[in-house]
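Got a sequence here, can you model it:
(2 chains)
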Amino acid sequence: MKVEAVRGMTDILPEETSLWQYVEAEIREAVALYGYREIRTPIVERAELFARGVGETTDIVHKEMYVFPDKKGQLLALRPEATASVVRAYIEHGLYARGGVAKLYYLGPMFRYEKPQKGRKRQFHQYGVEALGSLDPALDAEVIDLAWYLMERLGLRREGLFLRLNSIGCPRDRPRYREALREYFLPHREGLCTDCQRRLDENPLRILDCNGHTCQEIARDAPRSLDYLCEGCRAHFDELLGYLDALGLAYEKDPKLVRGLDYYTRTVFELASRDLGAQDALLGGGRYDGLAEALGGPPTPGVGFAGGMERLILVLGEREPGERCYRLISGPRAYLLPVAEEEKAEALKILAALRRAGISADMDYAGRSLRKRLQVAVQRGARYALFLGEEELSRGEGKVRDLETGVEEYVPVGELVPYLQGRS
RNA sequence: AGGAGCGUAGCUCAAAGGCAGAGCACCGCGCUGUGGACGCGGUGGUUGCGGGUUCGAGUCCCGUCGCUCCUCCCA
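Residues are numbered from 1 along each chain as shown, chains lettered A, B, ... in the order given. Predicted structure coming up:
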């Protein structure tokens, strides 16, 4: 039986990794412009972190998290998202003691046990930013601006994107909203799925993003969080809208947007592509003012977003080749062609010298014919072919063929490095 | 989670119960030491896997695994 990659976990092959590297580099540069510095947290955390941070009743933790005991029986989890980890690290290392706003970004694999489909894998990759330590709605606006900037920088048209925006209030007005939802759903209790009947008691907010059809139907006319905001949350939201207007960033208020994670407070948003199908969200995020405290740290407000690399790659990959602004990795500069076995040792020495001089160089190890090897050199995009045969090596020379012009020149072996360096 | 479709060579796909094929790719030769063309030849498959029906299954049936799409949720 052939061993294959496990379901929903895919290999990213060299043809694709150049695009990945390009996107990653753009992300790093873009977020650096906004003052974010990278943080790398472990892929494995205690399962408890996500239960407390993301929320026990969320689908992500409840149904989709990879959980397993380690050899001591400690319950561990593959991270389903990174915000909880970042905040955990922020608390653990006392980053709050440095004052001001901590701006952190990350990039890496996440894991969710879901049914895989286009743009949704079980191991997928997210990039994200977290700004910790400020309640200022201007920071929400800046984070959203960064999201837009990143998409623009990657060459996505603004018209092809749209921002869904909502406020789900704070812990102070959450009970009122929860009560309103419960009151609304109670008469429909029998129509709800068993999951939602449980959610009705535990966390009625989650009914709003249940995937059952009838639950969707029932939820359509449910009370809206925007109508249950306290004065502070109302003001925060209005201020944010003002800043977005000032920045010229379009948004669509979406009262159904609650996001699948419990830690969100106030601002929630998603930036989606009109060019994608069912999985259209390119990135999503919001404010999480209670998360740090819930994880045992000092009360620290935060706001951020996370985006999916696979989605981004999909959208970028579907564009016309001419629109693509990433470069493919170039081939070796020099390709060595030892004519017979006897010249291989010399070829290896020259290869080593060229590479140490910063000149990319390669040769064939597959035992192919000389003609074939020259073809491969051209295919690989080499600029020079270097023939090493008895004839020229006996004179201490190699024959350099310029593969663009076809011009050949004999060059002493000791001068190959300056010779190749001196040409553009 | 629900619905639909598809799994045949490395890739794209044929074979409508009767000899598993083509194109591309790969390798060699023509060209004993020199280019993407051309010509000739060659390697490559337990038809995803497991059962069943049949004289006979890539084809029909059941199961299973995987992928794709839709609904939904989300990254």
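
Mind splitting chain A into its structural domains?
The record's domain split for chain A, according to automatic domain parsing, is A:14-173+A:229-323, A:332-421.

so which of those domains gets nearest A:Glu4?
Checking the domains of chain A against A:Glu4 by C-beta to C-beta gives domain A:14-173+A:229-323 as the closest, at 13.6 Å. Bear in mind the C-beta positions are built from the backbone N, C-alpha and C, glycine included.

From the chain's centroid, how far away is that closest one?
Using C-alpha atoms, centre = their mean, to the nearest Å, the mean C-alpha position of domain A:14-173+A:229-323 is found 10 Å from that of the whole chain.

Rounded mean pLDDT for that domain, please.
The average pLDDT within domain A:14-173+A:229-323 is 91.

What of stretch A:196-208?
Per-residue pLDDT values over stretch A:196-208 give a mean of 80.

Show me what counts as buried in stretch A:407-417.
Buried residues in stretch A:407-417, counted by 16 or more other C-beta atoms under 10 Å: A:Val411, A:Val413, A:Leu416, A:Val417.

mind listing what the second one touches?
The neighbours of A:Val413, taking C-beta atoms under 8 Å, 6 or more residues apart in numbering as the test, are A:Glu346, A:Ile350, A:Leu393, A:Gly396, A:Glu397, A:Gly398.

can you pick the most crowded of these?
A:Gly398 (27 neighbours; other C-beta atoms under 10 Å).

How about the secondary structure of it?
strand (DSSP: H, G, I helix; E, B strand; the rest coil).

With the one 3 residues further on instead?
In the three-state summary, A:Arg401 is assigned as strand, counting by three-state DSSP.

Now stretch A:333-341: buried residues?
When neighbours are counted by 16+ other C-beta under 10 Å, the buried residues of stretch A:333-341 are found to be A:Arg333, A:Ala334, A:Tyr335, A:Leu336, A:Leu337, A:Pro338, A:Val339.

Start and end of that stretch, how far apart?
Taking C-alpha to C-alpha, to the nearest Å, the first and last residues of stretch A:333-341 lie 23 Å apart.

Number of residues surrounding the residue of the stretch 1-150 of chain A found nearest RNA strand B?
Closest to RNA strand B within the stretch 1-150 of chain A is A:Lys118: 2.3 Å, counting by C-beta to the nearest atom of the strand. Residues lying near A:Lys118 (other C-beta under 10 Å) number 12.

which parts of the stretch 301-424 of chain A sit against RNA strand B?
Applying C-beta under 7 Å from any atom of the strand, one finds that the stretch 301-424 of chain A approaches RNA strand B through A:306-308, A:310-311, A:339-340, A:366-372, A:374-376, A:378-379, A:385, A:387, A:389-392, A:399, A:401-404, A:406, A:408.

Mind checking which of these are buried?
The neighbour count (16+ other C-beta under 10 Å) marks A:306-308, A:310-311, A:339, A:374, A:376, A:385, A:387, A:389, A:392, A:399, A:401, A:403 as buried among these.

Go through those residues and flag which are in strands.
With strands defined by DSSP state E, the entries of those inside them are A:Ala306, A:Gly307, A:Gly308, A:Ala385, A:Phe387, A:Lys399, A:Arg401.

Mind picking the two most distant members of the residues you listed?
Farthest apart among these by C-beta to C-beta are A:Ala306 and A:Lys399. That separation is 55.0 Å.

Distance-wise, check A:Tyr149 relative to A:Ala382.
Using C-beta to C-beta, to the nearest Å, one obtains 38 Å as the distance from A:Tyr149 to A:Ala382.

ok, these two, which is more surrounded?
A:Ala382 (23 against 16).

Shouldn't that one be within a strand?
No. Assigned with three-state DSSP, A:Ala382 falls outside any strand and is coil.

Not counting sequence-adjacent ones, nearest residue to it?
A:Tyr335 (4.0 Å; C-beta to C-beta, 6 or more residues apart in numbering).

now the contacts of A:Val413 in CSV, with pLDDT?
As requested, these are exported to CSV (pLDDT from 0 to 100):
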residue, pLDDT
A:Glu346, 94
A:Ile350, 96
A:Leu393, 94
A:Gly396, 94
A:Glu397, 95
A:Gly398, 95
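
Tabulate those residues in CSV, adding columns for distance to A:Leu49.
What follows is the contacts of A:Val413, written out as CSV (distance: C-beta to C-beta, whole Å):
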residue, distance to A:Leu49
A:Glu346, 58
A:Ile350, 54
A:Leu393, 63
A:Gly396, 65
A:Glu397, 65
A:Gly398, 60
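
before we move on, back to that, hey, which of the domains of chain A is tucked in deepest?
Of all these, domain A:14-173+A:229-323 has the most neighbours on average by mean count of other C-beta atoms under 10 Å, namely a mean of 18.

got a pLDDT number for the residue lying closest to A:Ile168 once chain neighbours are set aside?
Counting by C-beta to C-beta, 6+ apart, A:Ile168 lies nearest to A:Ser225, which is 4.5 Å off, once chain neighbours are set aside. The per-residue pLDDT reported for A:Ser225 equals 89.

ok, now which ones touch A:Ser225?
With contact set as C-beta under 8 Å, 6+ apart, A:Ser225 has these partners: A:Asn166, A:Ser167, A:Ile168, A:Gly169, A:Tyr177, A:Pro255, A:Val258.

Give me the subset of these that lies in strands.
Using DSSP E, the subset of the contacts of A:Ser225 located in strands is A:Asn166, A:Ser167.

so which of the buried residues of stretch A:407-417 would you say is closest to RNA strand B?
Nearest member of the buried residues of stretch A:407-417 to RNA strand B, counting by C-beta to the nearest atom of the strand, is A:Val411, at 12.4 Å.
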